[in-house]
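Asker: attaching a predicted model along with its sequence, questions to come.
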Amino acid sequence: MTMHDEDCGCDEYNELSRRQFIADSAGMSGLAMFASVFPSWLPKVVLSESYVADRDVIISIFLRGGADGLSMCVPFGDTNYYTGRPTIAIPRPDSTATATRGIALDDFFALPRAMQALVPAYQAGQLLVVHATGSVDPTRSHFDAQKFIEVGKPRDPNIVTGWLGRHLATVPPMRTDAPLRALGFASGLQKTLVGGPKTLPISDPATFGISGATATRTERTNWLKSEYGPAPEPLRSSSLDALNTIELLRLVNITGYAPANGAVYPNNGVGRALRSAAALIKADIGIEAAQVDVGGWDTHATQDPVNPGGAMYNNMLNLANALGAFHADVIAGPTTTNVTVVLISEFGRNVRENSARGTDHGRGNCMFLMGRNISGGRVYTFNWPGLAMENLQDRQDLKVTLDHRDVLAEIVKNRLGNQNLDVVFPGYVPTMRGVTK
């Protein structure tokens, strides 16, 4: 379930957006929690003395539908970009169209005006764009492309867990008795997180709990504990973890969370998710990973990334405003916890716009990485292939010159402290690209 209320684009994407992911809550049981309030919103949760402080928390964001990376990070230095997109190209940074022109990142790439909220992170050296990247598999199917990226290996039916779930399964917890190590902001667990211990799908942590009358909540909770306490494993541990997670999230008081540095999160799906993630990270309860899905990127018609009110303009605006708020609040904020944000989509779009002023399914795309330990303030390309017709994949798409797993593997190894790359990305030997400090 993605954070977008409207169906759009091709029939396959509309069908895919209706699918429910399967929740996986395997893990060990949590211990009791105690809290006192300081400051007003933030509980001091007493967990184990065992704490791994040298690993980043990861926020994984998936733009579902195939986001147009050529609009999100504009290669204005390649004249073929404008040749192929006569009506939907982002104007050059030196254009006379001052209200809509791009924001130069260097002498070749620019951000669209809709994503100007990311400029502070870029200028601080904490935002990196990796371009001409993606899956090496040539599929243009949303379902297949998303699956291949999420499980970490294309076309292997034996792999049913996600790359981030396997990461969590192969490292010790940051807090040994935390009942919740990771969550997916969804009604069903996203495939990226499947296999992760103490991992739950939670659409809204602020309201997560047992349904029913408030007056009988304690009685019903006690009944569940007595009913599942004697149950065999893993049912016992999973059930108790879920109950302890409900109590823990209640203590965190996400509704009363006050962001730092004057950050204001937009009141949309991605904004609410990142605000909740910030509250959980600062509450220091042992959260190690979160998955956020953002839909609406299957822009076959009336794409319009240029003008306020345009479909993709609004998508990029909402996304960038949420990321900008998270950067100000958490990454540039007072918290001592290091966080890495990774943003990816299943594939890019055609270089040339179609007759409906949209773009069809493509190949190469860009990734966004954000964090204190990201080697940012630049756009990284490995052998930029160019947009001339003879240089395109199938004479229509930006080529993939860098496997996205190189980027993810470097983050897993250097920022998440996991050396088991052969398990996280089976059958793949990554090349470190210098995306982390």
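Answerer: In hand now; what should we look at?

Asker: helices along the stretch 101-250 of the chain, start to end?
Answerer: Assigned by DSSP state H, counting those that start in this stretch, the stretch 101-250 of the chain shows helices spanning 119-123, 142-151, 163-169, 217-228, 235-252.

Asker: before we move on, what about the stretch 251-400 of the chain?
Answerer: Going by DSSP H, counting those that start in this stretch, the stretch 251-400 of the chain shows helices at 269-283, 311-326.

Asker: thinking again about what came up before, I'd like the helices of the stretch 101-250 of the chain as a markdown table, with distance to L111, mean pLDDT and mean neighbour count appended.
Answerer: Every residue, glycine included, has its C-beta placed from N, CA and C. Below are these laid out as a markdown table (distance: least, C-beta to C-beta, whole Å; pLDDT from 0 to 100; neighbours: other C-beta atoms under 10 Å):
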| stretch | distance to L111 | mean pLDDT | mean neighbour count |
| --- | --- | --- | --- |
| helix 119-123 | 7 | 98 | 18 |
| helix 142-151 | 24 | 98 | 22 |
| helix 163-169 | 27 | 97 | 26 |
| helix 217-228 | 47 | 73 | 12 |
| helix 235-252 | 34 | 81 | 20 |
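
Asker: and V400, which of the ones you listed is closest to it?
Answerer: Closest approach to V400 among the helices of the stretch 101-250 of the chain is made by helix 142-151 (11.5 Å; C-beta to C-beta).

Asker: elements contacting the closest one?
Answerer: Other elements packing on helix 142-151 under the criterion 3 or more C-beta pairs under 8 Å, 6 or more residues apart in numbering; DSSP states H and E are helix 11-18, strand 57-63.

Asker: at 10 Å what do you get?
Answerer: helix 11-18, strand 57-63, helix 163-169, strand 339-345, helix 404-414 (3 or more C-beta pairs under 10 Å, 6 or more residues apart in numbering; DSSP states H and E).

Asker: was I right about L183 contacting Q291?
Answerer: Yes - between L183 and Q291 there is a contact under C-beta atoms under 10 Å: 7.6 Å.

Asker: wait, isn't L387 in contact with Y81?
Answerer: Yes - between L387 and Y81 there is a contact under C-beta under 10 Å: 5.5 Å.

Asker: mutual contacts of these two, please.
Answerer: Common neighbours of L387 and Y81 (criterion: C-beta atoms under 10 Å, 6 or more residues apart in numbering): L70, P75, V351, L398.

Asker: neighbours of the first one, how many?
Answerer: Applying the criterion other C-beta atoms under 10 Å, we find 29 residues in the vicinity of L70.

Asker: may I see the helices of the stretch 251-400 of the chain organised as TSV, with distance to Q393 and mean pLDDT added?
Answerer: Output for the helices of the stretch 251-400 of the chain, formatted as TSV (distance: least, C-beta to C-beta, whole Å; pLDDT from 0 to 100):
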stretch	distance to Q393	mean pLDDT
helix 269-283	30	97
helix 311-326	22	98
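
Asker: what about the spatially closest residue to L118 that is not a sequence neighbour, distance to L63?
Answerer: With sequence-adjacent residues excluded and distances taken as C-beta to C-beta, 6 or more residues apart in numbering, L118 is closest to A320, at 5.1 Å. For A320, the distance to L63 (C-beta to C-beta, to the nearest Å) stands at 12 Å.

Asker: please enumerate the shared neighbours of the two.
Answerer: Common neighbours of A320 and L63 (criterion: C-beta under 10 Å, 6+ apart): M72, V270, F368.

Asker: the nearest residue to N307 once chain neighbours are set aside: how many residues sit nearby?
Answerer: With sequence-adjacent residues excluded and distances taken as C-beta to C-beta, 6+ apart, N307 is closest to Y313, at 6.0 Å. By other C-beta under 10 Å, the residues close to Y313 number 22.

Asker: could you do the one 5 residues further on as well?
Answerer: N318: 22 surrounding residues under other C-beta under 10 Å.

Asker: how close does it get to Y265?
Answerer: 11 Å.

Asker: which of the helices and strands packed on helix 142-151 sits most buried?
Answerer: helix 163-169 (a mean of 26; mean count of other C-beta atoms under 10 Å).

Asker: can you give me how far it is from the chain middle?
Answerer: 15 Å (C-alpha atoms, centre = their mean, to the nearest Å).

Asker: may I have it exported as CSV, CA atoms only?
Answerer: Provided in CSV are the C-alpha atoms of helix 163-169 (Å, rounded to 0.1, in the frame of the first residue of the first chain):
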residue,chain,number,x,y,z
TRP,A,163,17.7,-7.1,1.3
LEU,A,164,16.9,-5.0,4.3
GLY,A,165,15.3,-7.8,6.1
ARG,A,166,18.3,-10.0,5.6
HIS,A,167,20.5,-7.2,6.8
LEU,A,168,18.6,-7.1,10.1
ALA,A,169,18.7,-10.9,10.4
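
Asker: so who does the residue positioned nearest the centre of the chain touch?
Answerer: Residue closest to the average C-alpha location in the chain (C-alpha atoms, centre = their mean): I61, at 1.1 Å. Applying C-beta under 10 Å, 6+ apart, we find I61 in contact with 3, 185, 270, 273-274, 290-294, 319, 322-323, 341-345, 368, 370.

Asker: same question, P75
Answerer: P75 makes contact with 69, 81-82, 90, 108-110, 131-132, 351, 366, 379, 381, 384, 386-387, 398, according to C-beta under 10 Å, 6+ apart.

Asker: just the buried ones from the residues you listed?
Answerer: 69, 81-82, 90, 109-110, 131-132, 351, 366, 379, 381, 384, 386-387, 398 (16 or more other C-beta atoms under 10 Å).

Asker: out of these, flag the one nearest to P173.
Answerer: C366 (32.6 Å).

Asker: I figured that closest one hits S345, correct?
Answerer: Yes - if you go by C-beta under 10 Å, C366 and S345 touch, sitting 8.7 Å apart.

Asker: overlap in contacts, the two.
Answerer: Contacts common to C366 and S345, judged by C-beta under 10 Å, 6+ apart, are A67, D68, G69, M72, G134.

Asker: just list the residues touching G271, thanks.
Answerer: M3, V264, Y265, N318, L319, N321, A322, L323, A325, F326.

Asker: distance check, it against F326.
Answerer: Taking C-beta to C-beta, one finds G271 at 9 Å from F326.

Asker: what's the answer for F185, then?
Answerer: The value you get for F185 to F326, if C-beta to C-beta is used, is 13 Å.

Asker: can you check V435 too?
Answerer: In terms of C-beta to C-beta, V435 sits 19 Å off from F326.

Asker: residue contacts, the nearest residue to E346 once chain neighbours are set aside?
Answerer: Spatially, and ignoring its direct neighbours in sequence, E346 is nearest to A145 (3.7 Å; C-beta to C-beta, 6+ apart). Going by C-beta under 10 Å, 6+ apart, A145 touches G66, G134, S135, D137, P138, T139, P154, S345, E346, F347, H361, R363.

Asker: much appreciated, bye for now.
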